[in-house]
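Asker: here is my input; please provide its structure:
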Amino acid sequence: MQDPATVSGNASDDIKQFLVDPLLSFNTLIEGKYRTTFADGVVNRITIDEASLSQQGHSHSKEARVICSIRVAEDMIDGAGILHGGCSALLVDLCSTLAMAALQMYITGKPVVTVSQAMNVVFHAPADLGEDLRIINTSVTTGKRVVSAKTEIWSVTHRRLLVSGVHVKMTPTRKPRAVVTAKL
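Answerer: The predicted model follows:
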């Protein structure tokens with residue numbers, strides 16, 4: 001696990017600790033046990049470089065920015081040897097979620113469980129095996145039930161924008177209680 005002291009930015013130690021612990025930030029707690037997530041090999045290689053929080057202008061709206069990095073590896077490429085579009089979408093999904101979680105923790109003191117509602121991903125350029133990626137995630141909105149963030153994935157190697165995305169998440173509706181029905 002990454003040492004939270006290696007994360008720059010003004011986010012609290014509690015927020016940084018949450019962000020760098022893949023068991024807390026990326027996995028799901030089910031029946032008292034953490035379950036691994038899809039593509040956990042990729043997930044475990046994501047490094048959090050910065051976590052910053054700020055207040056924007058006269059509107060007093062708060063913003064979170066989380067910057068991540070990863071190197072394109074064999075388990076991230078397609079048959080052409082470039083970053084797979086599905087893996088790009090995974091990085092947008094997971095890393096944008098970190099910015100949303102950081103903002104929720106800043107505002108409420110704890111992360112909030114959310115599920116994806118919509119995600120738009122635009123592919124600008126390919127990334128080859130071995131390229132270093134910088135993933136910049138910024139919260140856009142936060143409300144009682146819906147939060148959103150934008151993501152840009154940059155090639156550090158070639159200094160170009162590879163992928164951009166907008167991710168909208170919501171708190172899930174609670175499951176209704178079981179209804180007992182009588183046989184007729």
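Asker: give me phi/psi at Leu90?
Answerer: Listed backbone geometry of Leu90 is phi -60, psi -50, with angles given as degrees, to the nearest 10.
Asker: got it, and Ala101?
Answerer: phi -70, psi -40.
Asker: look up the closest residue to it, ignoring the ones flanking it.
Answerer: Closest residue to Ala101 in three dimensions, ignoring its sequence neighbours and counting by Cβ to Cβ, 6 or more residues apart in numbering: Pro111, at 4.6 Å. C-beta: built from backbone N, CA, C; applies to glycine.
Asker: report pLDDT for Lys183.
Answerer: With respect to pLDDT, Lys183 has a value of 50.
Asker: which stretches of this structure have low pLDDT?
Answerer: 22-37, 57-60, 174-184 (pLDDT under 70).
Asker: now do the helices in it.
Answerer: For the chain, applying DSSP state H gives helices covering 13-20, 22-25, 40-43, 85-108.
Asker: now the first one: buried residues?
Answerer: When burial is assessed from 16 or more other Cβ atoms under 10 Å, helix 13-20 yields the following buried residues: Ile15, Lys16, Gln17, Phe18, Leu19, Val20.
Asker: just the third one next, same as before
Answerer: Residues of helix 40-43 classed as buried by neighbour count (16+ other Cβ under 10 Å): Val42, Val43.
Asker: OK, contacts around Tyr106?
Answerer: Tyr106 makes contact with Ala11, Ser12, Ile15, Leu53, Lys62, Ala64, according to Cβ atoms under 8 Å, 6 or more residues apart in numbering.
Asker: can you pull up the bridge partners for the fifth one?
Answerer: Put plainly, it is Lys62. Gln55 (DSSP bridges).
Asker: now do the contacts for it.
Answerer: With contacts defined as Cβ under 8 Å, 6+ apart, Lys62 is in contact with Leu53, Ser54, Gln55, Gln56, Leu103, Tyr106, Ile107, Ser139, Thr142.
Asker: you'd agree the fourth one is up against Glu63?
Answerer: Yes. Taking contacts as Cβ atoms under 8 Å, Gln56 lies within contact range of Glu63: 5.3 Å.
Asker: neighbour count for the two, which is higher?
Answerer: Neighbours per residue, other Cβ atoms under 10 Å: of Gln56 and Glu63, the larger number sits with Glu63, 19 against 9.
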